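Student: Below are the sequence and a predicted model; questions follow.
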Amino acid sequence: SSADAAGVPVMLYDIPGRTGTRIEPETMLRLAEHPRITAVKDCAYDFLGSTKVISRTGLAYYSGCEELNLPLYAVGGAGYVSTVANVAPRQLRAVLDAYDAGDTTEAARLNQLLLPLTELMMASGLPGTVTAKALVEAGPVREPLQPAGREATDGLRAAYEELLRA
């Protein structure tokens, strides 16, 4: 198998929105038996299925859906593989730090502060790579992606600056 050939730990990417195919929870349970498969980036939007796999395996489950970072962590997830963290790493980390400290109210408050930026970056109709690059002014996006327009970039910048003031 590819996992055998890799010779290193393998993180499965369950991102049906990009691949068109879902790794079903029952399949994930079988894959977890492979010694090199150690982690999952979960963007399947199946919280029940994810929780089931977390509870039955030793896989490190990372949220791949920004809005599920805190909920998945709360049920045993390992963290996140985040687009928003490219521009707001301290703010995302603060959510999990508050949760780890036992302050779930503060974790929820900090998570809510991230929502406007998260929504613009991840649900504006533009791919997250495009919105992240627009915010950090990291040069051109690769084809066939197109850069964010001025209006989208201005909205992203406003939401980002508001988060920094919070």
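Tutor: Great, that's in hand. Just so we're clear, the structure is a prediction, and the values are computed from it rather than from any experiment.
Student: For the rest of this, base every contact and every neighbour count on C-alpha atoms.
Tutor: OK.
Student: The longest helix belonging to the chain - contacts with which helices or strands?
Tutor: Identified as the longest helix of the chain according to DSSP state H is helix 104-122. Using 3 or more Cα pairs under 8 Å, 6 or more residues apart in numbering; DSSP states H and E, the elements in contact with helix 104-122 are helix 69-74, helix 89-100, helix 128-136, helix 150-165.
Student: I'd like to check the angle between it and helix 128-136, please.
Tutor: 100 degrees (axes from the mean of the first three to the mean of the last three Cα atoms, to 10 degrees).
Student: For residue 22, list the residues it contacts.
Tutor: 14-16, 44 (Cα atoms under 8 Å, 6 or more residues apart in numbering).
Student: In the chain, which residue is most central in space?
Tutor: Nearest to the geometric centre of the chain sits residue 64, at 2.8 Å (Cα atoms, centre = their mean).
Student: hmm, back to that, what are the buried residues along the longest helix of the chain?
Tutor: Neighbour-count burial for helix 104-122, counted by 16 or more other Cα atoms under 10 Å, picks out 104, 106-108, 110-111, 113-114, 117-122.
Student: which residues touch whichever strand or helix holds residue 18?
Tutor: Counting by DSSP states H and E, the element that carries residue 18 is helix 16-19. Contacts to helix 16-19, defined as Cα under 8 Å, 6+ apart, come from residues 22-23, 43-44.
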